[in-house]
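pasting a predicted model and its sequence here:
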Amino acid sequence: MHRTKPSRARLLVPSALAVVILTGAAAPAGAADGDGSAALNGRVASVQQQVDKIERRAAAAGPIDDLLAGLTKTIQDLLASVGGLLPGGVKLPPIELPKLPELPELPDLELPDLSGLIPALPAVPAIPAVPAAPAVPAVPAVPAVPELPAVPELPALPGIPELPDLPALP
């Protein structure tokens with residue numbers, strides 16, 4: 001199968017290698033003689049596992065490969081969680097899914113000319129004319145509104161004094 005996605009391994013593997021160098025996991029050969037060699041070996045193994053995971057993710061090329069990669073990751077995570085429940089020193093063997101065989105490339109196929117076997121499409125029938133819409137009748141004129149009579153002025157009420165004007169507010 002051919003790759004359908006661009007390779008991420010070109011970017012991820014060098015960055016993982018940079019992490020190894022910066023965290024001190026890649027030390028000179030003389031450093032392995034000291035007391036911290038077990039811790040150093042543990043860090044190297046951890047980084048190698050991360051690099052392997054990155055390469056496995058980048059290696060998947062198609063939907064079936066993606067499915068197998070997902071199943072492998074799920075099985076490994078399950079084994080890791082079950083392994084945490086086991087007493088110290090007891091390890092479960094890894095479970096490997098079978099690899100798909102490489103498929104040979106298909107030869108180029110030449111298709112026969114089928115134009116003589118397919119009949120021509122019939123012509124599209126003419127669309128009938130749409131009848132004209134009837135004329136809208138004229139709107140009758142609105143009658144004029146009669147004028148209202150003038151309102152007489154109210155007489156002043158006796159006993160209510162005139163209010164003085166209020167001063168302006170500052």
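In hand now; what should we look at? Numbers count the residues shown, from 1 in each chain.

may I have the phi/psi pair for residue 66?
Torsion angles at residue 66 (phi, psi; degrees, to the nearest 10) stand at phi -60, psi -40.

state the pLDDT value of it.
Here, the pLDDT recorded for residue 66 equals 75.

kindly report the same for residue 142.
90.

what about it, distance to residue 136?
With distances taken as Cβ to Cβ, to the nearest Å, residue 142 is found 17 Å from residue 136. C-beta coordinates here come from the backbone N, C-alpha and C atoms, glycine included.

what segments of this protein are helices?
9-22, 37-59, 63-85 (DSSP state H).

and stretch 117-132, what's buried?
When burial is assessed from 16 or more other Cβ atoms under 10 Å, stretch 117-132 yields no buried residues.

send over that stretch as PDB, restricted to the C-alpha atoms.
Output of stretch 117-132 as PDB, limited to C-alpha atoms (Å, rounded to 0.1, in the frame of the first residue of the first chain):
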ATOM      1  CA  LEU A 117     -22.700   0.400 -26.500                       C
ATOM      2  CA  ILE A 118     -24.400   3.300 -24.700                       C
ATOM      3  CA  PRO A 119     -27.400   4.900 -26.500                       C
ATOM      4  CA  ALA A 120     -27.500   8.600 -26.900                       C
ATOM      5  CA  LEU A 121     -29.600  10.600 -24.500                       C
ATOM      6  CA  PRO A 122     -33.000  11.800 -25.900                       C
ATOM      7  CA  ALA A 123     -33.500  15.500 -26.400                       C
ATOM      8  CA  VAL A 124     -35.100  17.500 -23.600                       C
ATOM      9  CA  PRO A 125     -38.700  18.200 -24.400                       C
ATOM     10  CA  ALA A 126     -39.700  21.900 -24.800                       C
ATOM     11  CA  ILE A 127     -41.200  23.500 -21.700                       C
ATOM     12  CA  PRO A 128     -44.700  25.000 -22.300                       C
ATOM     13  CA  ALA A 129     -45.100  28.700 -22.000                       C
ATOM     14  CA  VAL A 130     -46.300  30.100 -18.700                       C
ATOM     15  CA  PRO A 131     -49.700  31.900 -19.000                       C
ATOM     16  CA  ALA A 132     -49.600  35.600 -18.300                       C
END
